[in-house]
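In: below are the sequence and a predicted model; questions follow.
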Amino acid sequence: MEIIGFILSILIGISLGLIGSGGSILTIPILVYVFHVSPSDSTTYSLFVVGVSALAGSINGAKHKLLDYKTALYFGLPSVISVFLMRKFIVPLLPNELLTISNFTLTTDLLIMLVFSVLMILASFSMIQKRKMTENDSSKINHNNLIFKGLFVGLLTGFVGVGGGFLIIPALLFTAKLPMKKAVATSLIIIVFNSLIGFLGSITSTKIDWNFLLLFTAFAVIGIFIGMYLSKKITNEKLKPLFGWFVLLTGIYIIIKEVII
């Protein structure tokens, strides 16, 4: 089963390399259901895996001059601040049991998985639907809106342990007006800071198996180089809807497994 898990971890990097998002969408289910890591610990592990994998991709984006540093600053700085505050101060305060009604108990781990599955389903719709991309027009960019979205994504990143690419890319496309290739490259550098700062914020409250985490991350990094190579052969327009359907089915599966089964 572990071999299957490490093979699946390659898909995390492939997803990031191809479409700039989806890494954490795959990371948490693999850690929870294949390696049996608790959901709360999985959020910490996921931040490290996705952050390091995205770093490899962002270096490639910088080489090809695809990074929009101004947009990354407006979106990334408030996002980094909110994710650090969430991981460092808010998440450690959450009790194991949040609510009990009759025979049903809402635990923090269950809430994390439910919020995560809802995000997956919402993200899948944005991947499946075809939306017209707009070219960059700096005169129409609403920087306040970009800052607000950065704060929102940071809070979600901190709570659920996601890189947030599936939320960042739409913001960069339709709020920052970046072309797709620049949006993907810029999202990766934002994911790097969000994920690694979030990881540092929770490293003292999580017992980490470094041997496992580094091995898992190494497979994901291999995947991102495969993804960047495949991105030259496969267009985003063809791949993204297929990945969206996969994400939708996974999100539904998590809800069924956590609530019904």
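Out: Sure thing, it's come through. None of these values were measured; they are calculated from a predicted model.
In: report pLDDT for residue 203.
Out: Model confidence at residue 203, given as pLDDT, is 86.
In: who are the contact partners of the residue found closest to it once you drop the neighbours it is linked to in the chain?
Out: Using C-beta to C-beta, 6 or more residues apart in numbering and skipping the chain neighbours, the partner closest in space to residue 203 is residue 44 (7.3 Å). No exception for glycine: its C-beta is placed from N, CA and C like everyone else's. Shown in contact with residue 44 (C-beta atoms under 8 Å, 6 or more residues apart in numbering): 87, 161, 199, 202-203, 206, 208.
In: now do the strand or helix carrying residue 44: distance to the chain's middle.
Out: Taking DSSP states H and E as the criterion, the element that holds residue 44 is helix 39-63. Put simply, helix 39-63 sits 8 Å off its chain's centre (C-alpha atoms, centre = their mean, to the nearest Å).
In: what comes up buried for it?
Out: 39-58, 60-61 (16 or more other C-beta atoms under 10 Å).
In: and if you look at stretch 148-168?
Out: 149-150, 152-168.
In: let me know how buried residue 170 is, in neighbour terms.
Out: 18 (other C-beta atoms under 10 Å).
In: in terms of contact, does residue 187 touch residue 170 like I think?
Out: No - look at residue 187 against residue 170 with C-beta atoms under 8 Å: they stay out of range, at 9.7 Å.
In: just the strands in this structure please.
Out: Assigned by DSSP state E, the chain shows strands spanning 97-101, 104-107.
In: most tightly packed of the ones you listed?
Out: Mean neighbour count (mean count of other C-beta atoms under 10 Å) peaks for strand 104-107 among the strands of the chain, with a mean of 13.
In: restrict that one to CA atoms and write it as CSV.
Out: Output in CSV follows, covering the C-alpha atoms of strand 104-107 (Å, rounded to 0.1, in the frame of the first residue of the first chain):
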residue,chain,number,x,y,z
PHE,A,104,-22.8,12.6,16.7
THR,A,105,-19.6,14.3,17.6
LEU,A,106,-18.0,16.9,15.4
THR,A,107,-14.2,16.6,15.9
